[in-house]
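Engineer: Sharing a model that was predicted from the sequence below.
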Amino acid sequence: MISLFEIFLSFIKIGLFAFGGAYAVIPLIEEEMVNTTAWMSFKEFSDLVAIDELTPGPIIVNSSTFIGMKLAGIPGAIVATLSCVVPGCIIALILIYLYKKYKEIPVISETIKVLKCMSVALIFSVLLKMFMNVVFNSETLSLTNINYFTIILMIICFYLLKKYKTNPLFIMLVCGLINLLISFIL
């Protein structure tokens, strides 16, 4: 079993460097959990992201709680959640104070623009990895292992979201039911 101190160290790193909002933190969690500590496989991680989308609350809190629970039960969930959230709260309070005081300085506004671009790049990197994992069932491109059903389902979902402004929760639930039915058939 993984010690609470190891969980604390991993999640304090995530909490200290979790800039850019919910989706920008996903690559940090992936790097720490999949690549650095190998506490999860990428498939487990992408399943975690999908579950996080269905549950209420911030992704970073849901992820840290789930991973902490998986690694060390309830104490692990508490340690992971607190060590992930507390640094962000402290940093946010400091940054809010500094932003209010110095927001008119051009360097500050330019820094904010750069941080926005970094956030988009981080989100896109995870999106691309998840796309490869779902559509190609791997992280390598190969025409032999394309999941055409998934591509069709993604296009339909995108169309429903953009054209009819369908509730994303409804779309996620319907897709889950379709996948469940197909798993019983196949």
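Structural biologist: Alright, I've got the coordinates. Numbering: from 1, shown residues only.

Engineer: In contact with residue 42, which residues?
Structural biologist: Residue 42 makes contact with 30, 34, 129, 133, 139 under the criterion C-beta atoms under 8 Å, 6 or more residues apart in numbering. (Each C-beta comes from the backbone N, C-alpha and C, glycine too.)

Engineer: Show me the residue sitting in the middle of the chain in space.
Structural biologist: Residue closest to the average C-alpha location in the chain (C-alpha atoms, centre = their mean): residue 26, at 3.3 Å.

Engineer: follow-up on the earlier one: pull out the buried members of the contacts of residue 42.
Structural biologist: 30, 34, 129, 133 (16 or more other C-beta atoms under 10 Å).

Engineer: Got the confidence number for the third one?
Structural biologist: Note on residue 129: pLDDT of 84.

Engineer: And it, its phi and psi?
Structural biologist: phi -60, psi -40 (degrees, to the nearest 10).

Engineer: And the helices in the chain, which stretches?
Structural biologist: Counting by DSSP state H, residue ranges of the helices within the chain are 4-16, 22-30, 42-54, 59-102, 106-135, 148-163, 168-185.

Engineer: which one of those helices has the most crowded surroundings?
Structural biologist: For the helices of the chain, ranked by mean neighbour count under the definition mean count of other C-beta atoms under 10 Å, the leader is helix 22-30 at a mean of 21.

Engineer: name the helices or strands packed onto that one?
Structural biologist: helix 4-16, helix 42-54, helix 59-102, helix 106-135 (3 or more C-beta pairs under 8 Å, 6 or more residues apart in numbering; DSSP states H and E).

Engineer: angle of that helix against helix 59-102?
Structural biologist: Relative orientation of helix 22-30 versus helix 59-102 (axes from the mean of the first three to the mean of the last three C-alpha atoms, to 10 degrees): 120 degrees.

Engineer: Run through who's touching helix 22-30.
Structural biologist: Among residues not part of helix 22-30, those counted as contacts by C-beta under 8 Å, 6+ apart are 13-14, 17-18, 42, 45, 49, 58-60, 63-64, 67, 118-119, 122-123, 125-126, 129.

Engineer: tell me the angle of that helix relative to helix 106-135?
Structural biologist: Calculated by the same axes, to 10 degrees, helix 22-30 forms an angle of 70 degrees with helix 106-135.

Engineer: For helix 22-30, output the C-alpha coordinates as CSV.
Structural biologist: These are the backbone C-alpha positions of helix 22-30, laid out as CSV (Å, rounded to 0.1, in the frame of the first residue of the first chain):
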residue,chain,number,x,y,z
ALA,A,22,-10.3,22.5,-14.3
TYR,A,23,-9.3,21.2,-17.6
ALA,A,24,-5.8,22.6,-17.6
VAL,A,25,-5.0,20.5,-14.4
ILE,A,26,-5.8,17.2,-16.1
PRO,A,27,-2.3,16.9,-17.7
LEU,A,28,-0.7,17.5,-14.3
ILE,A,29,-2.7,14.8,-12.7
GLU,A,30,-2.0,12.5,-15.7
